[in-house]
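Trainee: attaching a predicted model along with its sequence, questions to come.
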Amino acid sequence: MKEKFVSFAQEFEDCILFCALNWVEKGFYVDVGASDPAICSVTKAFYDRGWNGINIEPLKDEYRKLCHDRPRDINLNIGAGRENGEMEFAILGMGTTCDMNAILKVQDEISILNKETLPIRKLSEILREYEDEHGRQTIHFCKIDVEGSERAVLEGMDFEAHRPWVMLLEATLPGTSIPSHERWEDLLIGNGYEYVLSYGINRYYVDARLDDRALLRLRDGFRNAELCGKGEYDFVTPSNHDKTLNDYMLSRFARDFIKKIARGERTFNEYMTRRRELKAFGNIPLLKEIEWFGKFVLLRRHM
């Protein structure tokens, strides 16, 4: 019987990361824009498996919840940016941001906007302060979800001192599906990171300077993420442990791939090659694939 992996994340981030990192026991994470300790959390499933890490969350209510639910974690009630100081945030729950363009856009759309000036620190200094007492802590993944301020967070990081194995960033403009990775991706590529996967609103990168064994396992893990637990794990939600997410995840992966074909980002031949490689694609009804192709071809004509 397969072991169940309980997923809490919104876009299967924890499932995807676990496919790449399931061989790591009690690892360490950094979550910039951690938000709620359980709802749509990328790190909750890892914490439940013995991991711990640093949660950076500027909202006071979410911070208090993190302190209560995550006693093994280091929980910080601050933001992260390119410099130490203070910055004005638009308080919009999970959409909270200090990106001024996003603030102005939202301000035009709603009559009352709650703003608050909050402390921010460079991520490099945060990581240096909380290094393991026995030496520098290995960071197995770093998630950055800051609603448009990704570049500022990356500019405040010293990649020579701290190199997470995996970097996961939200890669669309806040509240949209419009890609935004061109605004900050050069900082990762220029610091020796390799792009490995785009799924939903996120992009994943691995440290290409890792030793060959670790790098190979990570690359294989991200490729195998498209199998969605067809191996030894069943991915489930906390509300329904009996219903696996595997087939649903797989269909979402296929649909996302087809959408990239319509956008000209991938080719039909690439899709068919991937489909032949992964027998699990046979679980997706052919009529459903035809429907997606038709829909996204029409979409491309109107782009």
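Mentor: Here it is on my side, so go on. Given the structure is predicted, the values throughout are model-derived calculations rather than measurements.
Trainee: and the strands in the protein, which stretches?
Mentor: Remark: strands assigned in the chain by DSSP state E are 3-6, 28-32, 52-56, 74-76, 79-81, 85-90, 115-122, 141-144, 166-170, 193-199, 202-207, 233-237, 240-244.
Trainee: now do the third one: everything it contacts.
Mentor: Put plainly, it is strand 52-56. 26, 28-34, 37, 43, 46-47, 66, 70, 72-76, 78-80, 123, 126-127, 130, 139 (C-beta atoms under 8 Å, 6 or more residues apart in numbering). Backbone N, C-alpha and C define where each C-beta goes, glycine included.
Trainee: do the same with the second one
Mentor: Contact partners of strand 28-32, identified using C-beta under 8 Å, 6+ apart, comprise 42-43, 46, 51-56, 80, 123, 127, 137-146, 153, 164.
Trainee: ok, of the residues you listed, which come out buried?
Mentor: Taking 16 or more other C-beta atoms under 10 Å as the criterion, what is buried in the contacts of strand 28-32 is 42-43, 46, 51-56, 80, 123, 127, 137, 139-146, 153, 164.
Trainee: got a quick PyMOL command for the buried subset of the contacts of strand 52-56?
Mentor: A single PyMOL command selects the buried members of the contacts of strand 52-56 (16+ other C-beta under 10 Å):
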select buried, resi 28+29+30+31+32+33+34+37+43+46+47+66+70+73+75+76+78+79+80+123+126+127+139
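Trainee: among the strands of the chain, which comes closest to Asn269?
Mentor: Of all the strands of the chain, strand 193-199 sits nearest to Asn269, with 18.4 Å by C-beta to C-beta.
Trainee: and that closest one, average pLDDT?
Mentor: Strand 193-199 comes out with an average pLDDT of 94.
Trainee: in that strand, what counts as buried?
Mentor: The neighbour-count check on strand 193-199 (16+ other C-beta under 10 Å) flags 193-194, 196-199 as buried.
Trainee: pull the helix or strand with minimum mean pLDDT from the protein.
Mentor: helix 100-109 (a mean of 49; mean pLDDT, DSSP states H and E).
Trainee: and stretch 70-89, end to end?
Mentor: 25 Å (C-alpha to C-alpha, to the nearest Å).
Trainee: got it, and stretch 35-46?
Mentor: Stretch 35-46 has an end-to-end distance of 16 Å (C-alpha to C-alpha).
Trainee: let the chain start at 49 from now.
Mentor: Sure thing, new numbering starts at 49, so read that last one as stretch 83-94.
Trainee: what's the closest non-adjacent residue to the most centrally placed residue in the chain?
Mentor: Centroid-nearest residue in the chain, with C-alpha atoms, centre = their mean: Leu216, separated by 4.1 Å. Among residues not flanking Leu216 along the chain, Lys191 sits closest, at 4.6 Å (C-beta to C-beta, 6 or more residues apart in numbering).
Trainee: is the one you found bridged to anything, and to what?
Mentor: When bridges are called by DSSP bridges, Lys191 pairs up with Asp79, Leu216.
Trainee: before we move on, what about Ala138?
Mentor: Counting by DSSP bridges, Ala138 forms beta bridges with Thr145, Lys163.
Trainee: can you list the domains in the protein?
Mentor: According to automatic domain parsing, the chain comprises the domains 51-275, 293-349.
Trainee: is it possible to get TSV of those that adds distance to Asp282?
Mentor: Shown next, in TSV, are those (distance: least, C-beta to C-beta, whole Å):
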stretch	distance to Asp282
domain 51-275	5
domain 293-349	6
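Trainee: which residues touch Phe305?
Mentor: For Phe305, the contact set (C-beta under 8 Å, 6+ apart) comprises 314, 319, 322.
Trainee: quick check on the residues you listed: which are buried?
Mentor: 314, 319, 322.
Trainee: Thr292 and Lys52, how far apart?
Mentor: Thr292 is 8 Å from Lys52, where distance means C-beta to C-beta, to the nearest Å.
Trainee: more neighbours: the two, which one.
Mentor: Of the pair Thr292 and Lys52, Thr292 is the one with more neighbours under other C-beta atoms under 10 Å, namely 19 against 14.
Trainee: number of nearby residues for the closest residue to that one other than its chain neighbours?
Mentor: Counting by C-beta to C-beta, 6+ apart, the nearest residue to Thr292 once its immediate chain neighbours are dropped is Asp282, at 4.4 Å. Asp282 is flanked by 20 other residues according to other C-beta under 10 Å.
Trainee: Pro108 reaches Cys115, doesn't it?
Mentor: Let me fix one detail, which is that residue 108 is Lys and not Pro. No - with contact defined as C-beta atoms under 8 Å, Lys108 does not count as touching Cys115 (10.5 Å).
Trainee: give me the more crowded residue out of those two.
Mentor: Cys115 (15 against 12).
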